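A.B. asks: quick check, what structure comes out for this input:
(2 chains)
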Number of protein chains: 2
Amino acid sequence: MNNLQLFSNIQKKKSYLCVGLDSDMDKIPEHLKKLDRPVLEFNRQIVDATAPYAVAYKPNLAFYESRGLQGWKDLEDTVAYIKTKYPDIFLIADAKRGDIGNTSAMYAKAFFEQMSFDSVTVAPYMGQDSVAPFLSFKDKYVIILALTSNQGAADFQYFTSKDNQPLFREVIEKSSQWGTVDNIMYVVGATKASMLVTIRESAPDHFLLVPGVGAQGGSLEEVAKYGMNRQCGLLVNASRSILFASKGPDFAEMAAEEGKALQGQMEQTLSEAGLI
Amino acid sequence: MNNLQLFSNIQKKKSYLCVGLDSDMDKIPEHLKKLDRPVLEFNRQIVDATAPYAVAYKPNLAFYESRGLQGWKDLEDTVAYIKTKYPDIFLIADAKRGDIGNTSAMYAKAFFEQMSFDSVTVAPYMGQDSVAPFLSFKDKYVIILALTSNQGAADFQYFTSKDNQPLFREVIEKSSQWGTVDNIMYVVGATKASMLVTIRESAPDHFLLVPGVGAQGGSLEEVAKYGMNRQCGLLVNASRSILFASKGPDFAEMAAEEGKALQGQMEQTLSEAGLI
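C.D. replies: Now for the predicted structure:
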């Protein structure tokens, strides 16, 4: 996929919603737990219910890896299910990898070839050679952590140089030289939406993956106001607020309602920006 | 395990060698490729050959994850093999994770409970709440990336504040407040051994995991000179130089020779420091 195709899907669905598949075995509905593959079935039903309202899905790999072999198999089968049934969906491996060159190359192979993800989240700490191997795959993206939405973001991401440059901005300005807007995106938390103004100065044309809306309390209106560009340039993620909207047998229906509500708000912001 | 036990193992084996299990399917000897589980068999033979000379093993997770289910199974079985046969060995999951709290907690569960690793490498970019969940496990360590041995280390790790503090040092000084010397270690590349002087100012008593000796060119003598403390405080990693010392049927024998040579050098440095 490239930015133009992604924007076209956003226009078609009038949505820039990414659904985070943080499919925590402990939190999925009780009635599914009797099945052979509870998490896989949960994911299938969540995807089928929310696909009309979402342009992207983002399995958070920790929730799969923590369950060992069975979790890994659920991840592979979830990815295959989405890619087969919904080929236009943009798939993000939320892996937050970042390693030396030959190791990053192995990860790129795992996510882009072994599974058919469109993108992988990557931590910038180890620098260019840890990111570069992901950039050599055609129509795939690396999504670099810039400003995250957790409390610990303040520990190092705001670490500031003598010319008053915070680290998160240095990360964006330096790393944006390593690739193009068609193979790099950035993770930017929604908890301080006004920071998007600063970030758009450094990355006007990149897509931003924005977590922190919903359960984490960020405002969608503000994200749109400060972060949207002429190709939308946003993928806003919601996880728990959709996945666990209900813990009963109506979980998929309630997830759909939650997804539809977010899509409705997104449609309005897209319309106000003259993009649909 | 704790620092005292680790130091005791170092004294017993007269070695602070960590063998990196970067078991690349493309590089293992041809004659093993006919077997059912080539990587598992390779690992078993490497471990059996080098265990007299090593106190730690460090599977690099990328090499397993990139092979999907089969790779994950090889990892699990390698860990179980080592822990059963060599219970004193310190096991490092070289995962370089770093995520928000609930996600890091899932990873901690995966590596410390699902498998019985003693430690996990973690990237510091997301700050305290991404590291804290790993610290709540008794006798387990988080190994935080501080100064890595790859070229891209220069991109952000030397990013310097107005009071002339480089990021890697800020990472050590801040994160060392989050735990103790018995549950935090740091990754410090050997390529610039003189940097160990600076690092020992900030972390005099922590164990340091030092990659970059061997194939990457760092000097063991310099690492010992600048980095050793009164409990040794070093785990020096070698991967390719041991694993692929020979690509023929004598690979295990040659790995043992390489391990023995490194152990010999380490014994000398330990003796010179009066630690054995």
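A.B. asks: which strands and helices sit next to the lowest-mean-pLDDT helix or strand in chain A?
C.D. replies: Lowest by mean pLDDT, DSSP states H and E among the helices and strands of chain A is helix A:101-109, with a mean of 89. Other helices and strands packing on helix A:101-109, by 3 or more Cβ pairs under 8 Å, 6 or more residues apart in numbering or on different chains; DSSP states H and E, are strand A:90-97, strand A:119-122, helix A:128-135, helix B:62-65. Glycine gets a C-beta too; all of them are placed from N, C-alpha and C.
A.B. asks: any idea of the angle the first one forms with helix B:101-108?
C.D. replies: Translated: strand A:90-97. Inter-element angle recorded for strand A:90-97 and helix B:101-108: 70 degrees (by axes from the mean of the first three to the mean of the last three Cα atoms, to 10 degrees).
A.B. asks: now strand A:90-97: mean pLDDT?
C.D. replies: The average pLDDT within strand A:90-97 is 96.
A.B. asks: residues in contact with the residue of chain A positioned farthest from its centre?
C.D. replies: Distance from the C-alpha centroid of chain A, by Cα atoms, centre = their mean, peaks at A:K162 (32.6 Å). A:K162 sits next to B:160-162, B:164 when contact means Cβ atoms under 8 Å, 6 or more residues apart in numbering or on different chains.
A.B. asks: hmm, 6 Å instead?
C.D. replies: B:K162 (Cβ atoms under 6 Å, 6 or more residues apart in numbering or on different chains).
A.B. asks: got a pLDDT number for it?
C.D. replies: pLDDT at A:K162 comes out at 89.
A.B. asks: distance of it from B:N164?
C.D. replies: As defined by Cβ to Cβ, to the nearest Å, A:K162 lies at a distance of 8 Å from B:N164.
A.B. asks: burial of A:Y86, as a residue count?
C.D. replies: Other residues near A:Y86 come to 15 when the count uses other Cβ atoms under 10 Å in any protein chain shown.
A.B. asks: that one against A:P52, yeah?
C.D. replies: No - look at A:Y86 against A:P52 with Cβ atoms under 6 Å: they stay out of range, at 10.0 Å.
A.B. asks: average pLDDT for the longest helix along chain A?
C.D. replies: Secondary structure of chain A per DSSP state H: the longest helix is helix A:251-272. On average, the pLDDT along helix A:251-272 is 97.
A.B. asks: return the distance of that helix from the chain's centre.
C.D. replies: Mean C-alpha position of helix A:251-272 versus that of the full chain (Cα atoms, centre = their mean, to the nearest Å) differs by 17 Å.
A.B. asks: identify the residues contacting A:A190.
C.D. replies: Counting by Cβ under 6 Å, 6+ apart, A:A190 has contacts A:210, A:212-213, A:218, A:223.
A.B. asks: those: which two are farthest apart?
C.D. replies: A:G212 and A:V223 (8.7 Å; Cβ to Cβ).
A.B. asks: ok, for whatever residue of the stretch 1-150 of chain A ends up closest to chain B, nearest residue in space, not its chain neighbours?
C.D. replies: Relative to chain B, the nearest point of the stretch 1-150 of chain A is A:G127 (2.4 Å; Cβ to the nearest Cβ). The shortest distance from A:G127 to any residue other than its chain neighbours is 2.4 Å, reached at B:G152 (Cβ to Cβ, 6 or more residues apart in numbering or on different chains).
A.B. asks: contacting residues for the one you found?
C.D. replies: If you count contacts by Cβ under 6 Å, 6+ apart, B:G152 has them with A:126-130.
A.B. asks: out of the residues you listed, flag the one nearest to B:K96.
C.D. replies: Closest to B:K96, out of all of the contacts of B:G152 and judged by Cβ to Cβ, is A:M126, at 7.8 Å.
A.B. asks: tell me where the model's unsure across chain A.
C.D. replies: Within chain A, the segments meeting pLDDT under 70 span A:214-217.
A.B. asks: and stretch A:201-210, end to end?
C.D. replies: Using Cα to Cα, to the nearest Å, the span of stretch A:201-210 from its first residue to its last is 17 Å.
A.B. asks: need the contact partners of it.
C.D. replies: Defining contact as Cβ under 6 Å, 6+ apart, one finds that stretch A:201-210 is touched by A:143, A:169, A:172-173, A:176, A:181, A:185-188, A:190, A:223, A:227, A:233-236.
A.B. asks: what do you get for stretch A:9-23?
C.D. replies: With contact meaning Cβ under 6 Å, 6+ apart, stretch A:9-23 is reached by A:39, A:42-43, A:50, A:53-60, A:63, A:88, A:232, A:234-237, A:239, A:242, A:262-263, A:266-267, A:276.
A.B. asks: return stretch A:263-275 as CSV; C-alpha atoms alone will do.
C.D. replies: In CSV, the C-alpha atoms belonging to stretch A:263-275 read as follows (Å, rounded to 0.1, in the frame of the first residue of the first chain):
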residue,chain,number,x,y,z
GLN,A,263,-16.4,6.6,12.3
GLY,A,264,-19.3,9.1,12.5
GLN,A,265,-17.1,11.6,14.3
MET,A,266,-14.3,11.0,11.8
GLU,A,267,-16.6,11.5,8.9
GLN,A,268,-17.5,14.9,10.3
THR,A,269,-13.9,16.0,10.7
LEU,A,270,-13.1,14.7,7.2
SER,A,271,-16.0,16.6,5.8
GLU,A,272,-15.1,19.8,7.7
ALA,A,273,-11.6,19.6,6.2
GLY,A,274,-13.1,19.2,2.7
LEU,A,275,-11.5,15.8,2.2
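A.B. asks: and that stretch, what's buried?
C.D. replies: Applying a neighbour-count criterion of 16 or more other Cβ atoms under 10 Å in any protein chain shown, one finds A:263, A:265-267, A:269-270, A:275 buried in stretch A:263-275.
A.B. asks: tell me what the spatially closest residue to A:L262 that is not a sequence neighbour is bridged to.
C.D. replies: Closest residue in space to A:L262, ignoring its immediate chain neighbours: A:L17 at 5.4 Å, by Cβ to Cβ, 6+ apart. Counting by DSSP bridges, A:L17 is bridged to A:V236.
A.B. asks: how many neighbours does A:L17 have?
C.D. replies: For A:L17, using other Cβ under 10 Å, the count is 27.
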